[in-house]
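Trainee: Predicted structure and sequence below. I'll ask about it afterward.
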Amino acid sequence: MKKLSVITVTFNAEQTLERTLKSVCLQSYPEIEHIIVDGLSTDHTIDLIHKYDNDKLLWISEPDNGLYDAMNKGIKMATGDYLCFLNAGDTFFANNTVELIMQSDSSADIIYGETAIVDNEGNFLHMRRLKAPDKLTWKSFKQGMLVCHQAFIVKREITEQYDLEYKFSSDFDWAIRMLKKSKVIINTNQFLINYLNEGVTTLNRKKSLKERYRIMVKHYGKVSTFLHHIWFIIRFAIK
């Protein structure tokens with residue numbers, strides 16, 4: 001039976017972490033490990049981790065060099081066949097979501113699906129603005145990050161570290177790199193994740209967009225990136 005490693009990075013997340021811990025614990029699929037990489041929280045985050053402690057929960061609490069450094073630590077700790085990243089406050093869409101994910105062909109390098117956006121209380125707000133394409137390739141992200149990072153499950157044996165050059169959008173670069181390496185990419189055609197509508201990228205929107213532009217130039221070239229951004233402006237104006 002395939003195993004899923006769920007990685008959650010935390011820092012002073014006492015207001016949101018419990019939802020994520022509960023969601024992982026309630027999954028019907030048995031082969032899950034939940035890895036929590038905490039940045040030495042000073043609130044009650046560690047108390048929550050102790051509250052939900054079990055033989056499938058692995059955690060560390062120590063200083064780090066930012067979000068993506070902590071995520072790299074999680075990758076190193078993981079022992080599952082596939083990796084999934086859930087922020088504190090994010091949850092799986094339903095209690096059988098991991099079971100649906102892991103039913104995918106074992107040859108899959110990447111498994112993906114749709115995302116719902118929720119508020120700080122976990123209430124549904126709306127579906128994610130960008131819809132996951134029927135078929136996903138590394139070139140798909142010329143149109144933006146069409147698949148939410150949390151709904152993007154990657155086989156561990158092909159997984160690379162996040163590039164710490166990027167402080168706000170390294171997940172965008174990472175997803176493109178993983179897609180470039182992948183031969184079999186499977187769309188579950190299912191809603192996989194409830195995504196909390198807040199985070200480092202949201203709070204640093206302008207810096208994130210500048211990084212994404214640099215990342216697109218790196219992968220797709222200057223001309224293609226410029227032309228696509230002209231189209232983004234036109235599309236926004238039309239809407």
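Mentor: Received, thanks. Numbering: from 1, shown residues only.

Trainee: roughly how far is stretch 172-186 from the heart of the chain?
Mentor: Stretch 172-186 sits 13 Å away from the centroid of its parent chain (C-alpha atoms, centre = their mean, to the nearest Å).

Trainee: any idea of the mean pLDDT for it?
Mentor: The pLDDT scores in stretch 172-186 average 97.

Trainee: For Leu40, give its distance to Asp64.
Mentor: Taking C-beta to C-beta, to the nearest Å as the measure, Leu40 falls 8 Å from Asp64. Every C-beta, even on glycine, is put in place using the N, C-alpha and C of the backbone.

Trainee: If you count surrounding residues, which of those two has more?
Mentor: Neighbours were counted for Leu40 and for Asp64 using other C-beta atoms under 10 Å; Asp64 has more, 19 against 13.

Trainee: my read: the more buried one touches Met71, true?
Mentor: No. The criterion here is C-beta atoms under 8 Å, and Asp64 misses it with Met71 at 9.3 Å.

Trainee: Find residues that contact each of these two.
Mentor: Contact with both Asp64 and Met71 is made by residues Val37, according to C-beta atoms under 8 Å, 6 or more residues apart in numbering.

Trainee: Would it be right to say that Ser5 lies in a strand?
Mentor: Yes. Under DSSP: H, G, I helix; E, B strand; the rest coil, Ser5 falls within a strand.

Trainee: State the distance from the residue lying closest to it once chain neighbours are set aside to Leu17.
Mentor: Leaving aside its sequence neighbours, Ser5 sits nearest to Gly80 (C-beta to C-beta, 6 or more residues apart in numbering; 3.3 Å). Separation of Gly80 from Leu17 (C-beta to C-beta): 20 Å.

Trainee: Which of these two has more residues huddled nearby?
Mentor: Higher neighbour count among Gly80 and Leu17: Leu17, with 25 against 20, using other C-beta under 10 Å.
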